[in-house]
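[1] could you look at this predicted model? Sequence included:
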Amino acid sequence: MEIPNLPPQLRSLDQMLSLADAGDYLPDLMARIEENNIEMRQFAQDFSTTAKGKITLTIDVKVDAFGHTEMVIDDKITGPKPPKHKAVAWMTGDGGITTHNPAQSRMEIRDAGNGRRELRAAE
């Protein structure tokens with residue numbers, strides 16, 4: 001029995017992506033992913049932390065009654081977000097913000113004469 005000569009079929013996602021833009025899309029996508037990888041590695045080194053990114057591929061597929069298939073590909077590559085800026089302060093009883101902990105007494109160093117210094121509670 002002779003097997004009919006069938007056209008080759010696309011069996012992997014990269015083969016499907018290679019159809020887009022006459023073959024130009026997949027190399028461009030891979031180059032942008034590699035740029036993001038470099039950015040994430042540099043981010044991790046600069047901030048001594050883990051860098052997180054995300055690659056999202058969306059393929060909208062339309063097929064007509066004759067089997068004509070159209071694929072529209074969209075991608076989004078997101079790199080790491082810079083760390084947020086943080087500050088520490090305390091709230092006073094009347095709702096204000098202060099850099100001094102109101103529950104902790106403050107001490108001051110005062111000149112006691114003859115080159116001596118002493119630690120006393122602030123007045």
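    Right, received. Where do you want to start? Numbering: from 1, shown residues only.

[2] check which helix or strand covers Ala44.
    helix 25-47 (DSSP states H and E).

[3] and the very next helix or strand once past that helix, average pLDDT?
    Remark: after helix 25-47, the chain's next helix or strand is strand 54-63, criterion DSSP H and E. Mean per-residue pLDDT for strand 54-63: 97.

[4] on that earlier part again, packing partners for the helix holding Ala44?
    If you count contacts as 3 or more C-beta pairs under 8 Å, 6 or more residues apart in numbering; DSSP states H and E, helix 25-47 packs onto helix 13-17, strand 69-78. Any C-beta I mention is one placed from the backbone N, CA and C, and that applies to glycine too.

[5] which sections of this protein are below the confidence cut-off?
    1-3, 106, 118-123 (pLDDT under 70).

[6] can you tell me which residue sits nearest the middle of it?
    Note on the chain: the residue nearest the mean C-alpha position is Pro80, at 2.3 Å, using C-alpha atoms, centre = their mean.

[7] residues in contact with it?
    Neighbouring residues of Pro80 by C-beta atoms under 8 Å, 6 or more residues apart in numbering: Glu39, Met40, Phe43, Ala44, Ala51, Lys52, Gly53.

[8] so it, which of the three states?
    At Pro80, secondary structure determined by DSSP: H, G, I helix; E, B strand; the rest coil is coil.

[9] what do you get for Ser105?
    coil.

[10] coming back round to it: tell me the buried residues in the helix holding Ala44?
    Leu26, Leu29, Asn36, Met40, Phe43 (16 or more other C-beta atoms under 10 Å).

[11] wait, isn't the last one in contact with Ala51?
    Read it as Phe43. Yes: here Phe43 reaches Ala51: they are 4.2 Å apart, a contact under C-beta atoms under 8 Å.

[12] residues shared between the contacts of those two?
    Common neighbours of Phe43 and Ala51 (criterion: C-beta under 8 Å, 6+ apart): Gly79, Pro80.

[13] tell me how the protein divides into domains.
    13-78, 90-121 (automatic domain parsing).

[14] now do the shortest one: distance to the chain's middle.
    Between the mean C-alpha location of domain 90-121 and the chain-wide mean there is a distance of 42 Å, by C-alpha atoms, centre = their mean, to the nearest Å.
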